[in-house]
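J.: kindly generate the corresponding structure for this input.
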Amino acid sequence: MALLEVGDKAPAFRAKDQEGETVSLSDFKGKKLVLYFYPKDDTPGCTKEACSFRDGWLKFRKRGIAVLGVSTDDEKSHRKFADKFSLPFPLLADPEKKIVTDYGVWGEKSMYGRKYMGTHRVTYVIDEKGKIAAVWPKVKPDGHADEILEAISST
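T.: Numbering: from 1, shown residues only. A predicted model of the protein is given here:
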């Protein structure tokens, strides 16, 4: 797993969201974008993280910042997750693991001594020109959206 670094060009992507709409990086040209990667829909940590973005949604919108969540779950799973928790932003389905691989967040993980491959909880902020402006390599789900808003406000 090799994460992207500040200043790197953000890899282009195209994927379907929970509504079946195609979303691509180029849709956000000229805007700041928070691209957050999470392991699995409707699990405790991922729910906390998604709900923190939901609760901060208006603050992001007021600042002209878009938010996208990405996991390897499919559109149907994303739809259930988004509906259950009233998530107002797109969740991109990456079952082929192309986006998670391109962004360096797919790799070996360990739980209870068992090793497996999965998505690491990582957040990138992409600037208006498509470059990585900030990276959170080891996200703590609680209050993560506020942490990002604070960091963006201070730049």
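
J.: which residues touch stretch 129-138?
T.: 3-10, 25, 29, 32, 120-127, 144, 147-148, 151-152, 155 (CB atoms under 8 Å, 6 or more residues apart in numbering). In short, each C-beta sits where N, CA and C put it, glycine included.

J.: hmm, try it at 7 Å
T.: Applying CB atoms under 7 Å, 6 or more residues apart in numbering, the set of residues contacting stretch 129-138 from outside is 3-10, 25, 29, 122-127, 151.

J.: check what pLDDT the residue nearest to the spatial centre of the chain gets.
T.: Closest to where the C-alpha atoms of the chain average out (CA atoms, centre = their mean) is residue 36, at 1.6 Å. Residue 36 carries a pLDDT value of 97.

J.: number of nearby residues for residue 21?
T.: 11 (other CB atoms under 10 Å).

J.: typo on my end, residue 43
T.: 13.

J.: and the buried ones among the contacts of stretch 129-138, selectable in ChimeraX?
T.: Only the buried entries of the contacts of stretch 129-138 go into this ChimeraX selection, using 16 or more other CB atoms under 10 Å:
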select :3,4,8,10,25,122,123,124,125,126,127
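
J.: out of the contacts of stretch 129-138, name the ones that lie in strands.
T.: If you go by DSSP state E, these have 122, 123, 124, 125, 126 in strands.

J.: the nearest residue to the fourth one once chain neighbours are set aside: how many residues sit nearby?
T.: Right, the one you point to is residue 125. Leaving aside its sequence neighbours, residue 125 sits nearest to residue 134 (CB to CB, 6 or more residues apart in numbering; 4.1 Å). Residues lying near residue 134 (other CB under 10 Å) number 16.

J.: now swap in residue 77 and tell me
T.: Counted with other CB under 10 Å, residue 77 comes out at 18.

J.: correct me if wrong: it contacts residue 43.
T.: No: between residue 77 and residue 43 there is no contact under CB atoms under 7 Å: 11.1 Å.

J.: let me see the ranges of the strands in the protein.
T.: Going by DSSP E, the chain shows strands at 14-16, 22-24, 32-37, 65-71, 91-93, 106-111, 114-119, 122-126, 132-136.
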